[in-house]
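Participant: My questions are about this predicted structure, shown below with the sequence.
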Amino acid sequence: MRQWYHGKNGVQEGPVSEGELEAMLERGELGAETLVWSQGMAEWQQAHEVVGKGGANPYAPPASGAMEQADGWASGPQIRPWMRFWARMADFGCAMLLLDVALGMATALGVAGVELVSESDLLGWAARTLACVAFETACLAGFGTTLGRVCFGIRLRTSDGGHLSWLQAMVRSLRVWLFGLALGIPPLAFFTFIWSDNQLSNRGATHWDRAGGFVVSHRKLESWQWIAIGVYVVALLWLQGR
């Protein structure tokens, strides 16, 4: 008997049988747009699209890959690791800019010990890591996205389609830095990147998204997004050359 997982109040719940899931929908405990998932599905989908369909497996994606929904966001396979990587690098650049501004202001105000962040490799690494986690957490919890994700056409939601809470966003960001980026330690980061790419390619989701019950979707980039990406690359090269 098919077993189903579903989102409820931002938390992944289940498994339950298809009969139980249909009963929950009939009683109004779950909405028709609640995201559900069952073994064999390539991605979470809204309940009304898949529950009770029966017959042939309705979850297998077409050979061409992801399907585009009415709102422009793709469903089906979401195997785009490099888009996600560059979106994260864009967010990393934003976080570093804010960190530099904060350190500059602290230095101007004469805050004791600020110079140690620049002089100590360990403190500098800790400050950069914390800045990235804080920046991503604030953006995801406060706005539902980050600048990098907007530019690269990436959407991150909970299993029931909502925005991440502050706690969910922080835990996810920490998991990314630990399991995906190895805390920024170059030799280890290479292996964790390969492992994460393998998880995404073979299981359809990264470790941190499966653990949190999160859904990542992509959409085709529009002209303004390509322009924004170009501006970011030029700005990055300019800053590197200073």
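Facilitator: Nice, thanks for sending it over. Residues are numbered from 1 along each chain as shown.
Participant: so what's residue 228 up against?
Facilitator: residue 151 (C-beta atoms under 8 Å, 6 or more residues apart in numbering). The C-beta positions use only the backbone N, C-alpha and C, and glycine is treated the same way.
Participant: and residue 31, how many neighbours?
Facilitator: Number of residues near residue 31 (other C-beta atoms under 10 Å) recorded here: 13.
Participant: so who does residue 15 touch?
Facilitator: Per C-beta under 8 Å, 6+ apart, neighbours of residue 15: 3, 4, 5.
Participant: Which among those count as buried?
Facilitator: 4, 5 (16 or more other C-beta atoms under 10 Å).
Participant: Could you pick out which of the contacts of residue 15 are located in strands?
Facilitator: 3, 4, 5 (DSSP state E).
Participant: Where does residue 36 sit, in terms of helix or strand?
Facilitator: Per DSSP states H and E: residue 36 is located in strand 35-38.
Participant: hmm, who's touching that strand?
Facilitator: 2-7, 21, 43-47, 50-51, 59, 157, 159-161, 215.
Participant: Among these, the buried ones, what's the PyMOL command?
Facilitator: Applying 16+ other C-beta under 10 Å to the contacts of strand 35-38, the buried members can be selected in PyMOL as follows:
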select buried, resi 4+5+6+7+21+43+44+45+46+47+50+51+59+157+159+160+215
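Participant: So which of the ones in strands among the contacts of residue 15 is the closest to residue 90?
Facilitator: Using C-beta to C-beta, residue 5 comes nearest to residue 90 of those, at 31.7 Å.
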